[in-house]
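1. Requesting a structural model of the entry that follows:
(chains A and B)
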Amino acid sequence: MSSIRLRLLKWLAGPVIVINLAGAGLTYLLAWTPAQVAFDQGLLDAAAALAARAQLGAAHAVDPAPRADALDATWFSVRTADGRLLAGDADFPLRPPAGSAQIYDATIRGEPVRAVVVAAQAAGVGPLQVGAARTVRKLRQVRSATLRSLALIEVALTLALVGLVWLSVGNGLAPLARMRANLAARDGDDLTPVSLDGMPYELAPVVNAFNDLLDKVEAGAKARHDFLADIAHQLRTPLAGLKLQLEWLSTRHGADPETVDSIRLMGLANERMIRQTNQLLALARATAAAAGKVRAEPLDLAQLVQEAVQYFVGEADRKGLDIGFELALAPAVGDPFQLRDLIDNLVDNAVRYTPAGGTVTVRCGRDAEGAFLVVEDSGPGIAPAKRALVFERFVRLGDTSPGSGLGLAVVRDIARAHRARVMLDSRADGSGAVFTVRFPA
Amino acid sequence: MHVLLVEDDAVLADGLSRVLQGNGMQVALAADGLVADQLLQKSTAAVVVLDIGLPGIDGFEVVRRLRARGSTVPVLLLTARDAVEDRVRGLELGADDYLVKPFATAELVARIRALARRNAPKPALLSLGQLTLDTAARRARIGERALELSVREWAVLEYLLQQSGRVVSKQQIIDAILPWGDDLTLNAVEVYVSRLRIKLLDAGIAIRTIRGFGYLLEAQA
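-> Got it, this is the predicted structure:
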């Protein structure tokens, strides 16, 4: 893993700092050179004035003592060509002027100075060397103040640059962060493409490639579910045949208790296979529902329950349960097959987990909030802490009961696809389980 | 009653034949769509039980050809698929009913009988357990003993017998017997059923209450 921010910082900050330093150097030179030139010019003027006086023979009138202002001291020297000191300071480090004047750095009494030497002619004395020097204390103060200011400015500029890069990278990457949040908030089976709305043009290839991948995953999932549904469909015919053969056998051999018992067990196993085959189909349909492919036709939940009453009564009889119905008009919009799956799974679930002698009641109707379906049983119920769990795939609370653990997940998927809410509660006295499905009005 | 059964799965076809014969029907069997099509051209079957997935031509095509010839014999489609398109297509082509495998035997038998009734005069005799209803003579007997029934009781019992083994709602009962009665409440149905129960105590049959819904007439075990 590498950070785009750090990469950008590395690639931007280095060169920018170098460029800034070069700029600072140039600024320094530009600011410094005039000061140096003015300083030198002052010395040259002083030396020239001294030379003029020496030519007038007034060199002796030059005050030999160093003249000092608040900061800097000044020295003079006037010597003949043969080195005789006519005026000024004896320890002035004169250099023979190359041409008419020379400017150089030197040291007087242990202190660095800037010095000039000019050539002059004095009547009766011959050629003269006239020097003037001044300490560079003020100059140095100015220089270090300039350097400090420049350094501060550079540091501030560099920090501002780093901050800008950091912020603008964050800003530039905001669409990625939004995409990440969108993907993180999805369910595992939500394979709808990522929207290109609000995505920068540069991200489009990535988003498109990702959407292509989602398409492939969805096609793969669909192929698997189609295969599953196909297998389940193909199992139905032999299962139906087996069921009929077993029923015929039990009518033929009803007198022999051992045969009857054996046939009964085979019948139970067959019923289980039939139920699980139907659940596989329901799962395949619910997955299609979860992918948003829901038929939307107006229907009556009471009608759907009525169509299944025969089957429910048969199941309840097999288990020795009292099943009852309180059906009122319950108009909803949706896919009748999926909603039948939802109802079947809720009732199957209630029948399976309610012990013999118990009751199961299926209720539907509508109120101010819309249509509702309630399946209530007198079974052991589900502890409040586990209620959210039962809607997960492959979760079974009691391992003693036969079941695939798919039923309630199918219920949840179908309800969700119909924008219906599923609630799980206990009966008023705290016993049993009450599943309520509320449809949008 | 003659039933033509068209099903290519040998185990299911055999099981269906046995069960239908066990319910007093004569069953002819075809395992191929083309064979079924030929048989239907001279068949006297009262009802056709037709699988959709068949070798030769499929069940849809068999129905289409059957109706194209102008035949009105009732057709009950059997299918492993419960896609709504299949159901709609089957019914549009002229099938009369539709059952998804695997089905409850009682449901299948009841639907075949219902289809046969729709297309044929009412059978003179309805019976279950010790009870016999002679609809032509309008006489009811339990064993050899004559049973006195009011007009309404007769209508309710006749409907329950026709639908024996199936759960029927009170509203279905009212709808079925309305030609005889003008105005009937759900409570009235309850009254007739409780009277019938008393009269049928020794008939070897039971009218079960399906709580909040209706009734189920079945032979007592």
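2. which residues sit against stretch B:143-158?
-> Stretch B:143-158 has contacts (CB atoms under 8 Å, 6 or more residues apart in numbering or on different chains) with B:126, B:130-131, B:133, B:135, B:138-141, B:173, B:176-177, B:180-181, B:188-189, B:192-193, B:195-196, B:199-200. (Each C-beta comes from the backbone N, C-alpha and C, glycine too.)
3. Run the chain-centre distance for that stretch.
-> 21 Å (CA atoms, centre = their mean, to the nearest Å).
4. Now do that stretch: distance from first to last residue.
-> 17 Å (CA to CA, to the nearest Å).
5. same question, stretch A:377-391
-> First-to-last residue span, stretch A:377-391, CA to CA: 17 Å.
6. Which residue is the nearest non-sequential neighbour of residue A:193?
-> residue A:211 (4.0 Å; CB to CB, 6 or more residues apart in numbering or on different chains).
7. ok, that neighbour touching residue A:192?
-> No - between residue A:211 and residue A:192 no contact is recorded; they are 9.2 Å apart, counting by CB atoms under 8 Å.
8. follow-up on the earlier one: confirm the residue nearest to residue A:193 sits in a helix?
-> Yes - counting by DSSP: H, G, I helix; E, B strand; the rest coil, residue A:211 is part of a helix.
9. Three-state assignment for the nearest residue to residue A:435 once chain neighbours are set aside, please.
-> Excluding its sequence neighbours, the residue lying closest to residue A:435 (CB to CB, 6+ apart) is residue A:375, at 4.8 Å. Put simply, residue A:375 is strand when judged by three-state DSSP.
10. ok, residue A:375 - contacts?
-> Going by CB under 8 Å, 6+ apart, the list of residues near residue A:375 reads A:343, A:346-347, A:349-350, A:360-363, A:434-435.
11. looking at the sheet around it, what are its partners?
-> residue A:362, residue A:435 (DSSP bridges).
12. Show the pLDDT at it.
-> At residue A:375, the pLDDT value in this model is 95.
13. Check the gap between it and residue A:346 for me.
-> As judged by CB to CB, to the nearest Å, residue A:375 and residue A:346 stand 4 Å apart.
14. Which neighbours do these two have in common?
-> residue A:435.
15. what comes up buried for the helix or strand hosting residue A:144?
-> Here residue A:144 is covered by helix A:137-172, with elements defined by DSSP states H and E. Going by neighbour count (16 or more other CB atoms under 10 Å in any protein chain shown), the buried part of helix A:137-172 is A:139, A:143, A:150, A:154, A:161, A:165, A:169.
16. out of those, who's nearest residue A:339?
-> residue A:169 (50.6 Å; CB to CB).
17. Let me see the contact set for the spatially closest residue to the closest one that is not a sequence neighbour.
-> Excluding its sequence neighbours, the residue lying closest to residue A:169 (CB to CB, 6+ apart) is residue A:5, at 4.7 Å. Counting by CB under 8 Å, 6+ apart, residue A:5 touches A:165-166, A:169-170.
18. Including pLDDT and distance to residue A:89, could those go into CSV?
-> Putting the contacts of residue A:5 into CSV (pLDDT from 0 to 100; distance: CB to CB, whole Å) gives the following:
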residue, pLDDT, distance to residue A:89
A:165, 81, 58
A:166, 84, 60
A:169, 82, 64
A:170, 83, 66
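19. Assign a three-state SS to the spatially most central residue of chain A, would you?
-> Residue closest to the mean C-alpha point of chain A, counted by CA atoms, centre = their mean, is residue A:177 at 3.9 Å. The three-state label given to residue A:177 by three-state DSSP is helix.
20. same check, this time on residue B:24
-> coil.
21. Go ahead and confirm it touches residue B:1.
-> Yes - the criterion here is CB under 8 Å, and residue B:24 meets it with residue B:1 at 7.2 Å.
22. if you count what's nearby, which of the two comes out ahead?
-> residue B:1 (17 against 9; other CB atoms under 10 Å in any protein chain shown).
23. The closest residue to chain B within the stretch 301-441 of chain A: neighbouring residues, count only.
-> For the stretch 301-441 of chain A, the residue closest to chain B is residue A:324, as judged by CB to the nearest CB, at 2.9 Å. Each residue near residue A:324 was counted by other CB under 10 Å, and the total is 17.
24. Next: residue B:203.
-> That count, for residue B:203 with other CB under 10 Å as the rule, works out to 22.
25. Confirm that it sits in a strand.
-> No - counting by three-state DSSP, residue B:203 is not part of a strand but coil.
26. Could I get the contacting residues of it?
-> Neighbouring residues of residue B:203 by CB under 8 Å, 6+ apart: B:129-131, B:142.
27. and it, what pLDDT?
-> For residue B:203, the predicted pLDDT is 88.
28. partner residues bridging residue B:125?
-> Here residue B:125 sits in beta bridges with residue B:134, going by DSSP bridges.
29. Quick check: phi and psi on residue B:70?
-> With angles defined as degrees, to the nearest 10, residue B:70 sits at phi 90, psi 10.
30. ok so, going back, from the contacts of stretch B:143-158, which land in strands?
-> Judged by DSSP state E, strands contain the following of the contacts of stretch B:143-158: B:126, B:131, B:133, B:139-141.
31. Only the buried subset of those, as a ChimeraX command please.
-> Per 16+ other CB under 10 Å, the buried members of the ones in strands among the contacts of stretch B:143-158 correspond to this ChimeraX selection:
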select /B:126,131,133,140
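32. okay if I get the ones in strands among the contacts of stretch B:143-158 as TSV plus pLDDT?
-> Below are these laid out as TSV (pLDDT from 0 to 100):
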residue	pLDDT
B:126	84
B:131	90
B:133	89
B:139	89
B:140	90
B:141	90
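33. picking that back up, gap between the residue nearest to residue A:435 and residue A:281?
-> As judged by CB to CB, residue A:375 and residue A:281 stand 20 Å apart.
34. Same question for residue A:362.
-> On the measure of CB to CB, residue A:362 and residue A:281 end up 22 Å apart.
35. same thing with residue B:135?
-> In terms of CB to CB, residue B:135 sits 42 Å off from residue A:281.
36. for residue 106, phi and psi?
-> By default, I'm working from chain A. Here is the backbone geometry of residue A:106 (degrees, to the nearest 10): phi -150, psi -170.
37. Find the least confident helix or strand in chain B, judged by mean pLDDT.
-> Counting by mean pLDDT, DSSP states H and E, chain B has its least confident helix or strand at helix B:84-92, which shows a mean of 76.
38. Among the contacts of residue A:375, find the lowest-pLDDT one for me.
-> Among the contacts of residue A:375, residue A:349 has the lowest pLDDT, at 89.
39. Is that residue in a helix, a strand, or coil?
-> Going by three-state DSSP: residue A:349 is helix.
40. For it, list the residues it contacts.
-> A:375, A:403, A:407-408, A:411, A:435.
41. Ok, residue B:199 next?
-> When contacts are counted by CB under 8 Å, 6+ apart, residue B:199 touches B:147-149, B:153.
42. Which parts of stretch A:179-196 count as buried, going by neighbours?
-> Buried, per 16+ other CB under 10 Å, within stretch A:179-196: A:179, A:191, A:194.
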